[in-house]
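# Got a predicted structure plus its sequence, pasted below:
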Amino acid sequence: MQTTGWLLDLHDHPHQGVVLWLMAEDGRRLRLHQPFPVTFYAAGADSRLQALEEFLRAQPHTPALTYQERRDLFRPGLVSVLAIHVAQAASQPALFRRILQVFPELDYYDADLHLALRYAALHGTFPMAHCRVVSTEDGLLQSLQVLDSPWELDPPAPPLRILNLRPDCDPQHAQPTYISAVYEKHEYHLSLNEERPLLVNLRAILQRHDPDLLLTAYGDTWLLPLLIKMAARQRLPLPLNREAGRGVLYKKEGSYFSYGQIIYRGQQVHLFGRCHIDGHNAMMWQEYDLQGALETARITGLPLQVAVRTSPGTGISSMQILTALRNGILVPWRKQQPEQPKTALDLLRYDQGGLVYQPITGLHFNVGMIDFISMYPSIMVKCNISPETPRPAELGRSPYPPGLVPQTLAPLLQKRVALKQRALTLPRWDPRRRRDKSLSAAHKWLLVTCFGYLGYKNARFGRIEAHEAVTTWGREALLRAKEAAEDLGFTVLHMYVDGLWVKKEGCNQVPHFRPLLEEIALRTNLPVTLDGIFRWVAFLPSRVDERLPVPNRYFGVFQDGTTKVRGIELRRRDSAPFITRVQTEMLACLARAEHADQLTACVEQAVDLLRCRLRDLREGRVPIEDLVVGKKLSKELAGYRVPSHGALAVYQLAAQGKSLRPGQRVRLLYTRGQPRVHAWDLPEIPPWDALDTDYYRTLLLRAAAAILQPFGMDERTLEIKVSEDLGQQLQLLNYVTACKPLIKFEPP
DNA sequence: TCCTCACGGGG
DNA sequence: GTGTACGTGAGGA
């Protein structure tokens, strides 16, 4: 029997090797299976390998054993390894764990690989791949042909059947009363008060629509565990899985360190034969939605359920593993060395990082913003930087064949560029635009992390010297760009890692910057782009000392009216929505000025707007939710030496028996008196007059002053200007005359 | 003034 | 199944 369709998921089976789920073009859902033996390797002293051989011969299901010569990326020549061939993929992890206990001193390869990656490397598959399969009546897979590739821009869309499940409120905040189940145009309300009807109805919905994907809110951390408990209590079967006779797979909650901060990931519930995604427990869901999630799965080779819940680091690592497997390179077992504290010398040597030039603070007109496109990945590909390749001698070129890391990155970078080019030609209404944006966001994260992964001790294909080479060439590229700009008569206002801000008398249109772009491309061999031309941009000084510039704190308006902002309150995730909103509104006010001579009027409007919002605050017209701030917990409650606002709120929750883990965000309101905060997830919401509106007022004034500082209005001036007290207004006059006059804007 | 804690980045 | 380091800034003793 021949069938064409899309590969949904794949998992192991105790006797049937691997089970594949296919969404057939004719609407059927096929369960296919195929024997799938796997091989892993051990290397080390001959005597110990012989001991391992004897150990394995004594095992109940003796695996086949052969000696082979294979390539380890980190060693010259070939390595002698004992290949261990396991007939059933499902039994490999347990066997490896037993071996590891007895022979911890050996080196292992291909020993801890995700089944999906092994299968993908062997058969060229990936999640959502369009395939043609031949199978027997009872589902034995005889042949499989992949019809598309993860690098296509518009692959045929898989006909995913999606069932949405969500409670009527956040279960952490309040007690939900019903669940809504939505499948296309069908909507069902399932009351949580009556367990049996709920289960019976949900079962009917699952059987009627047979969804491929359960898209839930809080499904991992609350809903699915609850449903499973109910089903057990009522002794009613609930077919969440398609695969019969298999329970769901729980993965424990945990906090881990990544990107310089603690990340919390809640418990997970994975299904078999169906996928489950909890939008509140998926890494990047807010960034790239379902399309981005599908793209991540397609290009990393990780099953959809796994891909959405893991960090981009795991994604990029999977891509490298695929490259290695396909090239017959051994994949080292994940080294689990704990991070050792670095000495000062190490830090000096390795971590020079990106180049930063302090900005010239204040307001500038007609500023070009020039960016290297995906700078670090481009350097890795163009200079061929990889753990096994020699250190490059030149920027943007390499005489050697591409190494593992550049090989992995090149198609990804290429697809990203193709999508960006297409974005310039697609009309605004084209639905592909939105999709391309999601794909782009998914790619961006993988590209960003691949650089860090080079320098990560526990990465399988990491090497600190390679990491260092990337930053070295990055600094070199930025320096050459600066020289190019200055040689062509531009003033460099600011540089930050992969971007520079430049201006030159009479340069206010894209063509004026073209010779500079070409010169930079010529001198660096790296792709470079003009991000835009700022009508105006303001680089802010330090708040501690107004005379000092600080990098990457700025805001400006491009010629097309869009704004770009870094470092100020509206970019911070611990600002209250109210503060973010007003600061954004004020900026939009300033952005309305098409010419410099309209700025003064716009500044006045922004101040009026601020007055208005302060009055809203004073008179209680701000929705209380807009005053809630989220603070991330960096440690266990007991670890706090100084109780931060976040920790204070967690104390309150702990008293109610609600606990939060490091990496989770605690939501709170600022209140008058002690304690200064009120946790938002407490049962009662405080009355309006308990709120510390004075503090919110301070926060808002501070945020407003950040926006208005470049226009000559400091916090004190602003404070007086917006106060409704006549005496204070008089003070303002004195203060302003005593200090400096408001800046006059000279049209450039 | 010093210490602790939280945040950003990429687009 | 997890890039690191660093600088800025706020709050409180």
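Great, that's in hand.

# Might you list the low-confidence residue ranges for chain A?
A:259-261, A:283, A:286-287, A:335-352, A:724-748 (pLDDT under 70).

# cutoff 80 now
Applying pLDDT under 80 to chain A flags the ranges A:173, A:255-262, A:283-288, A:312, A:334-353, A:456-458, A:724-748.

# longest strand in it, by residue count?
For chain A, the strand with the greatest residue count under DSSP state E is strand A:528-541.

# Show me which residues of the stretch 601-748 of chain A sit near DNA strand C.
Residues of the stretch 601-748 of chain A lying close to DNA strand C by Cβ under 7 Å from any atom of the strand are A:V642, A:R676, A:Y695, A:T698, A:L699, A:R702. In this view, the C-beta of every residue, glycine as well, is placed from N, C-alpha and C.

# Which one of the residues you listed sits in the busiest neighbourhood?
Counting neighbours by other Cβ atoms under 10 Å, the top entry in those is A:L699, with 19 neighbours.

# now that residue, nearest residue through space, not along the chain?
Closest residue to A:L699 apart from its sequence neighbours, by Cβ to Cβ, 6 or more residues apart in numbering: A:I579 at 5.5 Å.

# what about the one you found, which SS state?
With DSSP: H, G, I helix; E, B strand; the rest coil as the basis, A:I579 sits in helix.

# now swap in A:M380 and tell me
Quick answer, by three-state DSSP: A:M380 is helix.

# what about it, how many neighbours?
Neighbour tally, A:M380, other Cβ under 10 Å: 28.

# and what of A:R28?
10.

# so who does it touch?
A:T3 (Cβ atoms under 8 Å, 6 or more residues apart in numbering).

# residues from the stretch 101-250 of chain A in reach of DNA strand C?
Going by Cβ under 7 Å from any atom of the strand, the residues of the stretch 101-250 of chain A near DNA strand C are A:D112, A:L113, A:H114.

# quick one, phi psi at the closest residue to A:Q598 other than its chain neighbours?
Closest residue in space to A:Q598, ignoring its immediate chain neighbours: A:R592 at 7.6 Å, by Cβ to Cβ, 6+ apart. In terms of degrees, to the nearest 10, the main-chain angles of A:R592 are phi -70, psi -20.

# and A:R592, how many residues sit next to it?
There are 14 residues near A:R592, going by other Cβ under 10 Å.

# Near DNA strand C, which residues of the stretch 351-500 of chain A are found?
A:D351, A:G353, A:V448, A:T449, A:F451, A:G452, A:Y453, A:G455, A:Y456, A:N458, A:A459, A:R460.

# coming back round to it: now the longest strand of chain A: buried residues?
Judged by neighbour count (16 or more other Cβ atoms under 10 Å), strand A:528-541 contains these buried residues: A:V528, A:L530, A:G532, A:I533, A:F534, A:R535, A:W536, A:V537, A:A538, A:F539, A:L540, A:P541.

# same for DNA strand C: which of those residues are within range?
Among the buried residues of strand A:528-541, the residues within reach of DNA strand C (Cβ under 7 Å from any atom of the strand) are A:L540.

# Rebuild the buried residues of strand A:528-541 as JSON lines, extending it with distance to A:Y218.
Converted to JSON lines, the buried residues of strand A:528-541 look like this (distance: Cβ to Cβ, whole Å):
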{"residue": "A:V528", "distance to A:Y218": "44"}
{"residue": "A:L530", "distance to A:Y218": "44"}
{"residue": "A:G532", "distance to A:Y218": "40"}
{"residue": "A:I533", "distance to A:Y218": "45"}
{"residue": "A:F534", "distance to A:Y218": "42"}
{"residue": "A:R535", "distance to A:Y218": "44"}
{"residue": "A:W536", "distance to A:Y218": "45"}
{"residue": "A:V537", "distance to A:Y218": "42"}
{"residue": "A:A538", "distance to A:Y218": "42"}
{"residue": "A:F539", "distance to A:Y218": "43"}
{"residue": "A:L540", "distance to A:Y218": "40"}
{"residue": "A:P541", "distance to A:Y218": "44"}
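
# List the residues that contact the residue most central in space within chain A.
By Cα atoms, centre = their mean, chain A has its centre lying nearest to A:M284, at 4.7 Å. By Cβ under 8 Å, 6+ apart, the contact list for A:M284 reads A:G292, A:A293, A:T296, A:V308, A:P312, A:A441, A:A442, A:W445.

# Among these, which one sits closest to DNA strand B?
A:W445 (5.9 Å; Cβ to the nearest atom of the strand).

# part of a helix, is the closest one?
Yes - assigned with three-state DSSP, A:W445 falls within a helix.

# of the residues of the stretch 351-500 of chain A next to DNA strand C, buried ones?
Burial by neighbour count, 16+ other Cβ under 10 Å: within those this picks out A:V448, A:T449, A:F451, A:G452, A:Y453, A:G455, A:Y456, A:A459, A:R460.

# For the fourth one, which non-adjacent residue is spatially closest?
With Cβ to Cβ, 6+ apart as the criterion, A:G452 has its nearest non-adjacent residue at 7.3 Å, and that residue is A:G313.

# Count the neighbours of the one you found for me.
20.

# In a strand, it, correct?
No - counting by three-state DSSP, A:G313 falls outside a strand, being helix.

# you'd agree it is up against A:L446?
No - A:G313 lies out of contact with A:L446 (Cβ atoms under 8 Å); the separation is 9.2 Å.

# which bits of the stretch 351-500 of chain A sit near DNA strand B?
So far as Cβ under 7 Å from any atom of the strand goes, the stretch 351-500 of chain A lies against DNA strand B at A:D371, A:I373, A:S374, A:S440, A:A441, A:K444, A:W445, A:V448, A:Y496, A:V497, A:D498, A:G499.

# Apply 10 Å and report the result again.
When proximity is defined as Cβ under 10 Å from any atom of the strand, the stretch 351-500 of chain A approaches DNA strand B at A:353-354, A:356, A:369, A:371-376, A:416, A:420, A:423, A:437, A:440-441, A:443-445, A:447-449, A:452, A:496-499.

# The stretch 51-200 of chain A too?
Applying the criterion Cβ under 10 Å from any atom of the strand, no portion of the stretch 51-200 of chain A neighbours DNA strand B.

# Residue of the stretch 51-200 of chain A nearest DNA strand B, please.
A:L153 (17.0 Å).

# how many neighbours does that residue have?
Look at A:L153: counted by other Cβ under 10 Å, it has 12 neighbours.

# In a strand, it, correct?
No - counting by three-state DSSP, A:L153 is not found in a strand; it is coil.

# before we move on, back to that, what's the spacing between the residue nearest to the centre of chain A and A:H270?
According to Cβ to Cβ, to the nearest Å, A:M284 stands 18 Å off from A:H270.

# ditto for A:W445
22 Å.

# ditto for A:E195
Taking Cβ to Cβ, one finds A:E195 at 24 Å from A:H270.

# So for these two, which residue has more residues nearby?
A:H270 (20 against 17).

# What is the burial count for the residue nearest to A:R702 when sequence neighbours are not counted?
Excluding its sequence neighbours, the residue lying closest to A:R702 (Cβ to Cβ, 6+ apart) is A:E715, at 6.5 Å. Residues near A:E715, counting by other Cβ under 10 Å, number 16.

# check contacts around A:E715.
Contacts of A:E715 (Cβ under 8 Å, 6+ apart): A:L701, A:R702, A:A705.

# Return the backbone torsion pair for the second one.
Dihedral angles phi and psi of A:R702 (degrees, to the nearest 10) take the values phi -60, psi -40.

# I figured it hits A:E569, correct?
Yes - the criterion here is Cβ under 8 Å, and A:R702 meets it with A:E569 at 7.5 Å.

# Tell me, how many residues neighbour the spatially closest residue to A:V607 that is not a sequence neighbour?
Take A:V607 and drop its neighbours on the chain: the residue closest to it by Cβ to Cβ, 6+ apart is A:K721, 6.2 Å away. Using other Cβ under 10 Å, A:K721 has 17 other residues around it.

# how about the strands in the stretch 101-250 of chain A?
Under the criterion DSSP state E, counting those that start in this stretch, strands of the stretch 101-250 of chain A are mapped to A:107-109, A:130-135, A:141-146, A:162-167, A:178-183, A:186-191, A:213-216, A:249-251.
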